[in-house]
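**Student:** sequence and predicted model, in that order:
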Amino acid sequence: MSESPQLTYTEIDRTVLDTLSPPSGGYWLIVMVLILGVLAGVACWVYQIFIGIGAGGQNIPVAWGTYLINFVFWVGIAHSGTLISAILYLFRAGWRNPIARAAETMTVFAVSIAGLFPFIHLGRVWVVYYMLPYPNQRYLWPNFQSPLVFDMVAISTYLTVSTLFWYTGMLPDLAVVRDRATGFRRKVFTVISLGWTGKHEQWRHYTRGYLFFAALATPLVISVHSVVSWDFALGIVPGWHSTIFAPYFVAGAIHSGLAMVLTLLIPLRKLFHYERIVTMRILEAVAKTIIFTGLIVGYAYTVEYFLAWYSHNGVEMEAFRWRALGDYSLEFWIMVVCNSIIPLLFFFKKIRTSIPWLFGISILINIGMWYERFVIIIGGVAHGFIPHAWGLYWPSGIEWGIMIGSFSLFFLFFVLFVKHLPSISMTEMKETLDHGGGHGN
Amino acid sequence: MTRSNPARKVTKPLLVVFALLVLVGVISFFVQLAGKHPEKAWQAYHLNFLLWSAVAQGGLLFSIVMHLVGAKWSQPMQRLAESFAAFFPVSFILFLLLFLGKGYLFPWLHRDFHGQKLWLNLPFLFSRDLTGLLLLYGLGLAYLYYALRSQLDPERPQGKLRSFLLRNVSHRQEEMLRCRKVMTVLSVLYILAYAIVLTLLAFDLVMSLEPPWFSTLFGAYAFAKAFYLGLAALMILSAIFHSGRDGESSLTSSHLHDLGKLLFGFCLVWADFFYVQLLVIWYGNVSEETSYVIQRVMLLPWRQLAWIVMIVGFVIPFFILLNRRIKSKPLPMIILCSVVIVCLWLEHLLLLGPAWNHHLSSLPLGPTDVLIFLGFFGLMAFSITYFLRLFPEFTPERMS
């Protein structure tokens, strides 16, 4: 932390613990607005349960609408949390320490939100247990060759591991809060800090456990979005059946997740006075990583187009021509510009060190990545092999309502988190002060 | 430094050995060319050109990536990785010579693939690949130039080359900072060129040999593989320069351990890309795609080779590299990485062989193939040894 050599242990503790002080009226107002958003989403979902899945805009041939788009979008958002907390930890990139907690929290919440969408899309949500892969007496066996079953296994594993990773990493910090709390709050933190006393033995287990979680989470982050990509790539629909999908989806997921990290951290940094902890150098490092993921995504777009042309396969060529020039061309160009072209602005130091630019571009990337899922999921089946089966889709009001609900729920979780649990890892910050890297070095 | 540079002591006899290997390779190539099957000579040449060029391209990439992310742990190995750029001019000349064997290499040459001729025609193919390689190697050599300028010791006796490299250097510290800035820009450009040019070469010189078949991941698979190869070769070089006892060289066991972890990571990435392509093609079950895989994975004689590649290239390194201690032991690492390079040579044969040879009962591998492989290895080893002899500052013992 060369920018803030005078940062001390006490200052770290004070800055982070100050964020847990009783919130102001403005905070509760934001919470109320978000709760209203969630209620709007719940109301739309309840309406859909009574009316039937037809309340959405899905049709034949576009049977997967925004529910799948949002599912993939939120799983994607989750990924950069693991990149920052686990992969960069294994690479000993010390700059990830101040933002790892917020990113990992984002992962846990985003996977939880993503997990809601298969339920919503099911229509009759009470029969969700049919998806569970166990033999039963109804002679209904889950199709183990279906990528949807892979999905369920992968995502539930991911949610379990990332939650445990997040919670384990937080234990020493929870004990710090416990030691300074009084009354009922102290009782709560005594329970959730699981008897942490900071003994040498506990630290030894903690550092080993953290390393193993990081090592486990790394292949998981690759596998989860690879599996999500196979929901599409394993089919033979033109525009879907592409071998590059797995790595391209993983890179895209990290791209969107990093953008969301900036979207969340920039206001958090301002409101909680984290400027000396989450320094400009760290935001710059996130921006540089976004250039890299943006280039991978741009590479994938280009290669898909080139090979559709190279193949001289009429159906492939038409699918990709229509994607850029057809009914969803606007969505396509939003995707290309926001995901691959605008992030290149981060090559300029002035832009990647300017808070308004960082914030603005992060939001544009989020929009671009949402539209990427739109272009792939809707565009693929809307314009398949046979012209008489072509059709268009646009989300209904109910779908938009549920989408607003999901965004509100995500931000509500995050807003509640930052005021009730330490949003920056005090432990890792102190380690950064000592030797600039993660623990266990 | 009390210990003299081992590289210096042994380079002369080594250079002679490597030159002899090159000679053996050249003779074998011409003997094969003059025999009944001249196409086999060019096919072996093509395959080895791709393999050894990938080793050099991926090897330099290590230094470039480490420079770009500001890694501090990798300093001694970065200098060694830069020595791989010494093979770039050789690789470029080898590519020019490849043109002479065109008639034996491209099965699509005299066939029309319904419109694909626009892309698959020889003048266009060679001119675009030539431009790509010029760009990639130009950037790589420019990076090397600035690395040399920032690292060379002006106190050493000046030859013509050193005088040229160190011209106009008055303040060493300032020059170092300036060079590092230029290297950062060149690093970004090299990485971009690496992805684009290696994709182009993979499409043109490997995938296009069976024109109806295509895979969108093929380019990325090729450049991930090149990095895996580069790391394996760098591990061999690092293990050679590891003194065996920490403290005598700036390259210690913990460096080997860290490089071993990176090698393990890219062993997984390579296998992942292989699997990801296979799964999508197998599940899709479209005959235009599956025929390529069936021929290589299910039919004899290639089936056995596919298993060997999978086990030796992935399964064995995976389990060995899981072990913590072995990653910091030079000899086991030299053996393992040599096996990986040979395995990836076989993997190139697996990709290219079926396109050149139909209806075979046994694998088209003979002593000539091995000798040509050794000739190319000699070229690579000669280039690196000669470079390190010219610039001993790049060896871990002499590093400042």
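**Tutor:** That came through fine. Numbers count the residues shown, from 1 in each chain, chains lettered A, B, ... in the order given.
**Student:** excluding its backbone neighbours, what's nearest B:Phe376?
**Tutor:** With CB to CB, 6 or more residues apart in numbering or on different chains as the criterion, B:Phe376 has its nearest non-adjacent residue at 4.0 Å, and that residue is B:Asn48. C-beta: built from backbone N, CA, C; applies to glycine.
**Student:** pretty sure the one you found contacts B:Leu379?
**Tutor:** No - using CB atoms under 8 Å, B:Asn48 is not in contact with B:Leu379; the gap is 9.1 Å.
**Student:** could you list the low-pLDDT ranges of chain B?
**Tutor:** Counting by pLDDT under 70, chain B shows low-confidence ranges at B:1-10, B:112-115, B:157-158, B:243-248, B:397-400.
**Student:** and the pLDDT for the residue nearest to A:Pro422 when sequence neighbours are not counted?
**Tutor:** Excluding the flanking residues, the one nearest A:Pro422 by CB to CB, 6+ apart is A:Asp173, at 4.5 Å. Per-residue pLDDT puts A:Asp173 at 88.
**Student:** separation between A:Asp173 and chain B?
**Tutor:** Remark: distance between A:Asp173 and chain B (CB to the nearest CB, to the nearest Å) = 28 Å.
**Student:** now that residue: which helix or strand?
**Tutor:** Applying DSSP states H and E as the criterion places A:Asp173 in helix A:147-180.
**Student:** what are the buried residues along that helix?
**Tutor:** The neighbour-count check on helix A:147-180 (16 or more other CB atoms under 10 Å in any protein chain shown) flags A:147, A:149-152, A:154-155, A:158-159, A:161-162, A:165-166, A:168-178 as buried.
**Student:** returning to that earlier point: list the contacts of the residue nearest to B:Phe376.
**Tutor:** Residues in contact with B:Asn48 (CB atoms under 8 Å, 6 or more residues apart in numbering or on different chains) are B:Trp345, B:Ile372, B:Phe373, B:Gly375, B:Phe376.
**Student:** can you rerun that using 10 Å?
**Tutor:** Counting by CB atoms under 10 Å, 6 or more residues apart in numbering or on different chains, B:Asn48 makes contact with B:25, B:29, B:94, B:345, B:348, B:369, B:372-377, B:379-380.
**Student:** list the contacts for the residue nearest to A:Pro422?
**Tutor:** A:13, A:16-17, A:101, A:193, A:196, A:421-429.
**Student:** closest to chain A among the contacts of B:Asn48?
**Tutor:** B:His348 (18.9 Å; CB to the nearest CB).
**Student:** count the neighbours of that closest one for me.
**Tutor:** 19 (other CB atoms under 10 Å in any protein chain shown).
**Student:** which residue sits closest to it, ignoring its sequence neighbours?
**Tutor:** Nearest residue to B:His348 in three dimensions, chain neighbours excluded: B:Leu47, at 4.9 Å (CB to CB, 6+ apart).
**Student:** the one you found contacts B:Phe373, correct?
**Tutor:** Yes - B:Leu47 is within contact range of B:Phe373, at 8.5 Å (criterion: CB atoms under 10 Å).
**Student:** what sits in contact with each of those two?
**Tutor:** Joint contacts of B:Leu47 and B:Phe373 (CB under 10 Å, 6+ apart) are B:Trp345.
**Student:** name the helix or strand for A:Tyr89, please.
**Tutor:** helix A:88-90.
**Student:** buried ones in that helix?
**Tutor:** In helix A:88-90, counting by 16+ other CB under 10 Å, buried: A:Leu88, A:Tyr89.
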